[in-house]
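K.L.:
compute the structure for the input listed below.
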Amino acid sequence: MEGLRKGSELELLVDKLVFGGRALSRLDGFVVLMDRALPGQKVHVRIVKKKANYAEAQVIRVLEPSPHQIQPACSHFGVCGGCLWQDLDYAEQLLWKHRHVTECLGGVPVELRSPIEDVTPSPVLYEYRNKMEFTFSAHRWLSADEVACTETAYDRSFALGLHVRGRFDRVFDVHDCRLESAEAMAVVDLVRRGARESGLSPYHIRTHQGVWRFVVVREAKKTGQRLVHLITAEGPGTERAVERIGRLLESHGPPVTTFVHSINRTRAHVAQGEDARVLWGAGAIEEHVGTLRFRISAQSFFQTNTLGAERLYEAVRESAGLTGTETVWDLYCGTGSIALSLASQARKVTGFELIEDAVADAYRNAALNDVENCRFFGGDLKDVLRHTPREVLGSAPDVIITDPPRSGMHPKVVKALLELAPRRIVAVSCNPSTLARDLTALAQAYTVHSVRPFDLFPHTPHIECVVRLDRK
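P.N.:
This next block holds a predicted model:
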């Protein structure tokens, strides 16, 4: 658009929310994308990037509110990169999530036998997360109030919290995350205090010096058990400092069931470690989903919204339509939650999972629930399906469940599904975009019977779907 350039300021009316959570306006048909805006708002913006087909803008101020705008509950809203939609009425959040699923799947060349269902809401809107990762940083971000304060010298060289939106290198001290419980926040405060008092520095993502990297808090919403996983680099005095933090949690904090320490020796900025040592407790917590019990260790996968997961798994069971005679394969099975929820309705269930620790947890969970008709294979799914002898895998599946990561299924896995030709596939997806790609690949052999969206992440743009596919 001529006349529009970086630095230009203008007023816009926000039209919609696009997939991923950003807001969209049109200026004489030209698309302008922005963060932190809601449909119906009139906003004053500054152009920060201009491309041939669109521009990106920063909202300077809201001139007129949206009719669906509400007061956000969290004091960190506007800084944190998490709850983009906390200022949007929840019913309106669900409508936009449904629209995004519809838009993503609209171009899929498959026969859809029924309309996409309404989004099933989360049973709780706050404190729903059973796991959160917090990052240590040598670059603490200060709020405008802190920068303006002349009475206190704020330390910019130490932070434990969450990333500022759009800044991988800036972390703010979080004290009030509404997605976690108050007890979890108290744990984070104590770990921050213990790490500061140690005299050891946070890990620096550019120089790769320093010790403190991440802390992960996992909570079992049904049993009340709590696991703290502290991840560090290696360095002199690290183990003693970690042990002091453990004693601090034992003596002053809210109940912590188990405390685990592991070491991340890589430069990858991920909250995972090796050589895990359990300082006290069992090294895992127990959670209940429906009638099942699950052992969750420090680094195993488990659905983040426990109460929402119960509704999701019930939909998977309904979509699978089992009679007790079927062989079921559960791809990307994690710690076995879906596999075990189907076991009582199937002849046998086989789970496949990349992470070996999760496979071990799946077997423990099967034993914990006295389930004897489940078994699990570890390894990269595309290789396991292609190279494991059929006599080892057993009889061909009647029903396959897939629950891949956000990137969706590898093309070789999709090819394997088409070759296996189960009579039914139940696709669980946390990304409608990659779901659409996978459904397109399966369209040659399957029709879509139903699409059921589930909101497991209120106040964010994320949406889960359970899709039933029947062989033509």
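K.L.:
quick one: end-to-end distance for stretch 451-465.
P.N.:
Length of stretch 451-465, first residue to last, CA to CA, to the nearest Å: 7 Å.
K.L.:
any buried residues in that stretch, and which?
P.N.:
451-465 (16 or more other CB atoms under 10 Å). Quick note: C-beta positions are derived from backbone N, CA and C, even for glycine.
K.L.:
check stretch 88-101 too.
P.N.:
88, 90, 92, 93, 94, 95, 96, 97, 98, 99, 100, 101.
K.L.:
same check, this time on stretch 260-279
P.N.:
Quick answer for stretch 260-279 (16+ other CB under 10 Å): 260, 261, 262, 263, 264, 271, 272, 273, 276, 278, 279.
K.L.:
wait, is residue 386 part of a strand?
P.N.:
No: assigned with DSSP: H, G, I helix; E, B strand; the rest coil, residue 386 falls outside any strand and is helix.
K.L.:
residues contacting it?
P.N.:
412, 416 (CB atoms under 8 Å, 6 or more residues apart in numbering).
K.L.:
angles on the backbone of residue 418, please.
P.N.:
The phi/psi pair for residue 418 (degrees, to the nearest 10) reads phi -60, psi -40.
K.L.:
adjacent strands (with direction) for whichever strand or helix holds residue 376?
P.N.:
Using DSSP states H and E, residue 376 maps to strand 374-378. With DSSP bridges as the test, strand 374-378 is paired with strand 348-353 (parallel).
K.L.:
closest to residue 7 out of the buried residues of stretch 260-279?
P.N.:
residue 271 (37.8 Å; CB to CB).
K.L.:
surely that closest one meets residue 131?
P.N.:
No: with contact defined as CB atoms under 8 Å, residue 271 does not reach residue 131; the gap is 9.9 Å.
K.L.:
give me the common contacts of the two.
P.N.:
residue 216.
K.L.:
among the buried residues of stretch 260-279, find me the one that's closest to residue 390.
P.N.:
The closest of those, once distances to residue 390 are taken by CB to CB, is residue 272, at 33.7 Å.
K.L.:
which residue, neighbours along the chain excluded, lies closest to the closest one?
P.N.:
Leaving aside its sequence neighbours, residue 272 sits nearest to residue 299 (CB to CB, 6 or more residues apart in numbering; 5.9 Å).
K.L.:
count the residues that sit near the one you found.
P.N.:
20 (other CB atoms under 10 Å).
K.L.:
now it, what's its secondary structure?
P.N.:
Criterion first, three-state DSSP; result for residue 299: coil.
K.L.:
quick check: pLDDT value at it.
P.N.:
Listed pLDDT for residue 299 reads 87.
K.L.:
repeat that for the one 3 residues further on.
P.N.:
In the predicted model, residue 302 carries a pLDDT score of 87.
K.L.:
against residue 443, how distant is residue 414?
P.N.:
11 Å (CB to CB, to the nearest Å).
K.L.:
mind checking the SS state of residue 228?
P.N.:
Using three-state DSSP, the secondary structure recorded for residue 228 is strand.
K.L.:
per-residue pLDDT, it?
P.N.:
Taking residue 228 on its own, its pLDDT is 98.
K.L.:
partners of it in the sheet?
P.N.:
Assigned bridge partners for residue 228, using DSSP bridges, are residue 217, residue 259.
K.L.:
hmm, residue 188 and it touching each other?
P.N.:
No: using CB under 8 Å as the test, residue 228 is too far from residue 188 to be in contact (9.2 Å).
K.L.:
joint contacts of these two?
P.N.:
With CB under 8 Å, 6+ apart as the test, residue 228 and residue 188 both reach 215, 217.
K.L.:
so between those two, which is more surrounded?
P.N.:
Of the pair residue 228 and residue 188, residue 228 is the one with more neighbours under other CB under 10 Å, namely 26 against 23.
K.L.:
wouldn't the residue nearest to residue 272 be in contact with residue 231 here?
P.N.:
No: judged on CB under 8 Å, residue 299 makes no contact with residue 231 at a distance of 9.5 Å.
K.L.:
tell me the residues that contact both of those two, please.
P.N.:
262, 272, 273.
K.L.:
please name every helix or strand in contact with the helix or strand containing the first one.
P.N.:
Taking DSSP H and E as the criterion, residue 262 maps to strand 258-263. Here strand 258-263 touches strand 226-232, helix 238-252, strand 274-280, going by 3 or more CB pairs under 8 Å, 6 or more residues apart in numbering; DSSP states H and E.
K.L.:
how about TSV for the ones you listed, with distance to residue 336 added?
P.N.:
Output for these, formatted as TSV (distance: least, CB to CB, whole Å):
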stretch	distance to residue 336
strand 226-232	18
helix 238-252	29
strand 274-280	20
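K.L.:
re the thing from before, averaged pLDDT, the strand holding residue 376. What do you get?
P.N.:
Strand 374-378 comes out at a mean pLDDT of 95.
K.L.:
same question, stretch 308-325
P.N.:
Stretch 308-325 comes out at a mean pLDDT of 97.
K.L.:
what's in contact with that stretch?
P.N.:
Contacts of stretch 308-325 (CB under 8 Å, 6+ apart): 120, 122-123, 128, 289-290, 303, 326, 328, 337-338, 341-342, 345-347, 398-399, 401, 424, 426, 428, 449-450, 452, 454-456, 464, 466-468.
K.L.:
contact partners for the spatially most central residue of the chain?
P.N.:
Nearest to the mean C-alpha position of the chain, by CA atoms, centre = their mean, lies residue 304 at 6.8 Å. Residue 304 sits next to 128, 129, 130, 131, 456, 457 when contact means CB under 8 Å, 6+ apart.
K.L.:
restricted to strands, list those.
P.N.:
When DSSP state E is applied, those are split such that residue 131 fall in strands.
K.L.:
deepest in the core, which of the helices and strands packed on strand 258-263 is it.
P.N.:
strand 226-232 (a mean of 25; mean count of other CB atoms under 10 Å).
K.L.:
put the alpha carbons of it into CSV.
P.N.:
Taking Å, rounded to 0.1, in the frame of the first residue of the first chain, the C-alpha atoms of strand 226-232 are listed here in CSV:
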residue,chain,number,x,y,z
ARG,A,226,3.4,-31.5,43.9
LEU,A,227,6.8,-32.1,42.1
VAL,A,228,9.5,-29.5,41.8
HIS,A,229,12.1,-30.1,39.1
LEU,A,230,15.2,-27.9,39.2
ILE,A,231,17.3,-27.9,36.0
THR,A,232,20.8,-26.4,36.1
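K.L.:
packing partners for it?
P.N.:
Using 3+ CB pairs under 8 Å, 6+ apart: strand 226-232 touches helix 182-198, strand 212-219, helix 238-252, strand 258-263, strand 284-289.
K.L.:
now the ones you listed in JSON lines, with mean pLDDT and distance to residue 164?
P.N.:
As requested, these are exported to JSON lines (pLDDT from 0 to 100; distance: least, CB to CB, whole Å):
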{"stretch": "helix 182-198", "mean pLDDT": "96", "distance to residue 164": "17"}
{"stretch": "strand 212-219", "mean pLDDT": "97", "distance to residue 164": "17"}
{"stretch": "helix 238-252", "mean pLDDT": "95", "distance to residue 164": "25"}
{"stretch": "strand 258-263", "mean pLDDT": "97", "distance to residue 164": "26"}
{"stretch": "strand 284-289", "mean pLDDT": "94", "distance to residue 164": "30"}
